[in-house]
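# Okay, here's the prediction I keep looking at, along with the sequence it came from:
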Amino acid sequence: MTLAARLAPHLPERLVAAAAGFVYPRFEPELARLGDLCPPGCGTAVDVGGWYGPWTRRLSRRARQVVTVEPVPRLARLLTAAAPANVRVVEAAASDRTGTARLWLPPGDDGERGVSSLLRRDIHARALPVPLVTLDGLGLRDVGFMKIDVDGGEPAVLRGAHGILTRDRPVLFVELESRIQPIAPVVDLLAGLGYAGWVLPGRTWLPLDPTALETHQARVSYVATQGLVRRTLPFRGLWGPRYVNSVLFLPDGRRPAAPAPALRHHGGHALRREAPRRAVHPPRPPARPAAPHGRPQPGTGGGRPS
């Protein structure tokens, strides 16, 4: 268990939530690029897997309504108590069916780590019963954005939102972890609905290559075991590379924001930022000989630094 997870149960919940909202854009820099994700004039934004609410709070400033789905009872209560007026919290797990299921948690964890799962019973020690809902069954309208972070339950969430995806064509931001399950089923499911994926390894969105993303995650999987605090420290490069595990899916051939001019695009397989090219300057004209006593000859501009 990480240091943050050990401390969280002993701190006021509102303090933990505020701290999570402050540091999370460093942990997940896509949150700081919300303008690329949640379209202007968004009617309804959906946050599936709300945790302490870092996405919910920021989405509430951009969307007319935010619906947050969070199955851990303690976190759902905290979100409800602290949510802005335009946020609706649904205490349930999103899936492709209704009913009840067992939500698995790590030992000694009440949701602080944000890794509860309907599937990961092999590594989690205990379970609690939670209700299941489908996003299609929540009566949502004019959905412009969905963020989905459910530790392996992404295919079921998307199947349960088929009506919304075909009707509203929202932007999707989905966490995909090859160490939990293969990436291809989600990519194929969304490709069949006209969605294409993009990743943000640096400052520029690149087309998703599922094989390259799985290779990247396998190569730097040790980073995923580091806690939130360590992964958000300044000079993060000293602790290791960034672990990319979130994918932006856009429908109908749409593209994200234009690349930054200092970066070069080498195709969807690239998962690292290249150093910018060194600027090329024209050759300087030959200097005129200096006058006696070190004074420049007229017209040389010798008093201005180059």
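Arrived safely, thanks for sending. Numbers count the residues shown, from 1 in each chain.

# low pLDDT regions in the stretch 1-150 of the chain?
Applying pLDDT under 70 to the stretch 1-150 of the chain flags residues 1-27, 111-114, 121-124.

# ranges for the helices of it?
In the stretch 1-150 of the chain, the helices defined using DSSP state H, counting those that start in this stretch lie at 3-7, 13-27, 34-37, 54-59, 73-82.

# hey, C-alpha coordinates of the shortest one in CSV?
What follows is helix 34-37, C-alpha atoms only, in CSV (Å, rounded to 0.1, in the frame of the first residue of the first chain):
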residue,chain,number,x,y,z
LEU,A,34,-10.0,19.3,-20.6
GLY,A,35,-10.6,21.8,-23.4
ASP,A,36,-9.4,19.2,-25.9
LEU,A,37,-11.8,16.6,-24.4
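
# buried ones in it?
34, 36-37 (16 or more other Cβ atoms under 10 Å). All C-beta spots, glycine's among them, are computed from the backbone N, C-alpha and C.

# What residues sit buried inside the helix or strand where residue 212 lies?
According to DSSP states H and E, residue 212 maps onto helix 210-219. Residues of helix 210-219 classed as buried by neighbour count (16+ other Cβ under 10 Å): 210, 212-214, 216-217.

# Identify the residues contacting the spatially closest residue to residue 58 that is not a sequence neighbour.
In space, residue 58 comes closest to residue 34 once its chain neighbours are excluded; the distance is 5.6 Å by Cβ to Cβ, 6 or more residues apart in numbering. Shown in contact with residue 34 (Cβ atoms under 8 Å, 6 or more residues apart in numbering): 58-59, 62.

# circling back to that earlier point, avg pLDDT for the helix holding residue 212?
What helix 210-219 shows for mean pLDDT is 94.

# measure residue 194 to residue 252 for me?
Separation of residue 194 from residue 252 (Cβ to Cβ, to the nearest Å): 5 Å.

# list residues touching both of those two?
Listed contacts common to residue 194 and residue 252 are residue 169; contacts here mean Cβ under 8 Å, 6+ apart.

# between these two, who's got more neighbours?
Taking other Cβ atoms under 10 Å, residue 194 and residue 252 do not tie; residue 194 has more neighbours (15 against 9).

# Turn the buried residues of helix 210-219 into JSON lines, columns for distance to residue 82.
Listed next are the buried residues of helix 210-219 as JSON lines, based on distance: Cβ to Cβ, whole Å:
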{"residue": "210", "distance to residue 82": "37"}
{"residue": "212", "distance to residue 82": "39"}
{"residue": "213", "distance to residue 82": "34"}
{"residue": "214", "distance to residue 82": "37"}
{"residue": "216", "distance to residue 82": "35"}
{"residue": "217", "distance to residue 82": "33"}
